[in-house]
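Provide a 3D model corresponding to the input given below.
(one chain, ligands or ions: 3)
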Amino acid sequence: MEIGIKSGSPEKQRSACVVVGVFEHRKPSFAAEILDTASGGYLADILRRGDMDGKPGASLLLHNVPGLLCERVLLVGLGKEREFRERAYRDAVRDTIKTLAGLGIAEATLYLTELPVRKRDLAWNVEQAVIVAEEAVYRFDRLKSKPEAARKTLRKLTMAVPRRGELVIGEAAAARGTAIAAGMNLAKDLGNLPGNVCTPTYLAEQAKAMAKEMGIGIRVLEGPEIEKLGMGSFLSVAKGSDEPPRFIVLDYRGGGKKDKPVVLVGKGITFDSGGISIKPAAEMDEMKYDMCGAASVLGALRAAAELKLPLNVTGLIPTCENLPSGRANKPGDVVTSMSGQTIEVLNTDAEGRLILCDALTYAERLEPACVVDIATLTGACVIALGHVASGLLANNDALARELLHAGESSHDRCWQLPLWDEYAEQLKSNFADMANIGGRPGGTITAAAFLGKFTGKYDWAHLDIAGTAWKSGKDKGGTGRPVPLLVHFLAARAARTAAG
Ligand code: BES
Ligand code: MN
Ligand code: ZN
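Ligands and ions are numbered 1, 2, ... in the order given. Next up is the predicted model:
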């Protein structure tokens, strides 16, 4: 979709369709008032007749409105004015795009971007409109033998800013939204691809293609090199499958030569059957999404490169399958991690932490500014926070605050859980340095506490995205989260270091 930014009054737009909002109780928004005046009260008449009540989801298409230069006007319901916040704004943009697509309108000028959203500014409105619009037109049909009936889609979306002087703000915000949306689409595509297509080898090939396109450095380590590094924990999971593992290292260098990198570590289990501790059959197909942490790292790096963020970011992706076989981990097996610490594998389905721990040890050699790992790690996180917030745990409060703030500013929110020493007690093992599970209580926290045994040497945070990375049900699919959060986090860091 082509995105444009424009200033100027709505009655003067020569667009195929000008979109303006109406609040509940038939209250026109500022842009709708202007159209009403220019049309000699045409809109007020329609509102009075009750054809558009302003309720969320309502819309009304008008043709040949007198006094206007555009071909059509689309009125979109905004709901109650005093409840008009982030969610209502995003819903209104989404409804608009779906309505335009349904009507087969190829080009439109959106005035919703001028609406005041509490605590937000024009840049936020524009960025979010781009992200939501790209989300609304996203399709994943490449695995259907025939493309679905050619759908008319919006080709160009122009967004209005109130004054000429704000064009620059609008354009920068649109660029950020576009980069985030592209990163999210990459993450969604990879998540939606099934395990028989998106194997560790395929994931590495896609990482290479993205790195080449964006000018990012990349190295892909294979079995023997991974073994040489001593990643016994990672390899213990990988060896249950015939698909060979990969360890992907991406290097985006937008910062100074000596600037320490932010390291992003993504869980890349391309299919999680549970292994010998096999999962129940129902919904097991969804475990193709168990590489969404890895996908979000690729998406965030892609966006960082597109935006030319002035900082260094290294992405680390351990990727393999978790399957049962004659060579698979068995409950009770003891493995030795790259750190030298031994682990008793009491449940082979707690495999994410087994591959992440070695990547976290590898991160030490990069002398990181900080490390953030992203993983669909625990079902317990879905129980605790549902599908709204990602779980956040950290060994450093300042870093946790940065991520909480990035979640707020991108509307891709996370919520912090405690990581107190007491929780690590649950990981005690009679036979090794630690067990890989800590029982049912506090499952998200004990998983993070396990990772915490490998992150003592740097500032570290963990995002559990089990509930946020994809949607189940009839709209099953990857969400592209937490790419927006990660990009905001990186952008804020870049701005901070650039400011000295
Ligand atoms: N990939 C799963 C976590 C998961 C489960 C994500 C459901 C999304 C939805 C992870 O590898 C896993 O199986 N975790 C176990 C841990 C348990 C064995 C301690 C879980 O959550 O049940
Ligand atoms: Mn598992
Ligand atoms: Zn898993």
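
secondary structure element for Arg139?
Using DSSP states H and E, Arg139 falls within no helix or strand.

in the stretch 401-500 of the chain, mark out all the helices, start to finish.
Ranges of helices within the stretch 401-500 of the chain are 421-424, 443-452, 483-498, based on DSSP state H, counting those that start in this stretch.

tell me the most buried of those?
The highest mean neighbour count among the helices of the stretch 401-500 of the chain, using mean count of other CB atoms under 10 Å, belongs to helix 443-452: a mean of 25. From N, CA and C alone the C-beta is placed, and that goes for glycine too.

so which elements touch that one?
Contact partners of helix 443-452 among helices and strands, from 3 or more CB pairs under 8 Å, 6 or more residues apart in numbering; DSSP states H and E: helix 352-363, helix 379-385, strand 390-394, helix 421-424, strand 460-464.

and the contacts of whichever helix or strand comes after the longest one?
Going down the chain from helix 352-363, the next helix or strand is strand 370-375, by DSSP H and E. Around strand 370-375, the neighbours that count as contacts under CB atoms under 8 Å, 6 or more residues apart in numbering are 262-267, 293, 296-297, 352, 356, 359-360, 363, 396, 399, 403, 451, 455, 458-466, 482, 486, 489.

out of the residues you listed, which touch ligand 3?
Among these, the ones lying near ligand 3 by CB under 5 Å from the ion are Gly352.

show me which of the contacts of strand 370-375 are buried.
262-267, 293, 296-297, 352, 356, 359-360, 363, 399, 403, 451, 455, 458-466, 482, 486, 489 (16 or more other CB atoms under 10 Å).

quick check: longest strand of this protein.
Longest strand in the chain, counting residues (DSSP state E): strand 312-322.

helices or strands next to it in the packing?
With contacts taken as 3+ CB pairs under 8 Å, 6+ apart, strand 312-322 sits against helix 200-214, helix 232-238, strand 246-253, strand 262-266, strand 268-272, helix 292-306, helix 352-363.

re the thing from before, with distance to Lys288 and mean pLDDT as extra columns, can I get the helices of the stretch 401-500 of the chain in a markdown table?
Putting the helices of the stretch 401-500 of the chain into a markdown table (distance: least, CB to CB, whole Å; pLDDT from 0 to 100) gives the following:
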| stretch | distance to Lys288 | mean pLDDT |
| --- | --- | --- |
| helix 421-424 | 30 | 98 |
| helix 443-452 | 21 | 99 |
| helix 483-498 | 18 | 95 |
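
closest to Asp475 out of the helices and strands packed on helix 443-452?
Proximity to Asp475 (CB to CB) singles out helix 379-385 among these, at 16.8 Å.

touching ligand 1 at all, that closest one?
Yes: judged by CB under 6 Å from any ligand atom, helix 379-385 and ligand 1 are in contact via Gly379, Ala380, Val382.

quick one: residues contacting the second one.
In this case it means Ala380. By CB under 8 Å, 6+ apart, the contact set of Ala380 is Arg440, Gly442, Gly443, Thr444, Ala447.

same thing with the first one?
Contact partners of Gly379, counting by CB under 8 Å, 6+ apart, are Gly443, Ala466.

look up how far Ala295 lies from it.
As judged by CB to CB, to the nearest Å, Gly379 and Ala295 stand 19 Å apart.

near ligand 2, which residues of the stretch 351-500 of the chain show up?
Residues of the stretch 351-500 of the chain lying close to ligand 2 by CB under 5 Å from the ion are Glu351.
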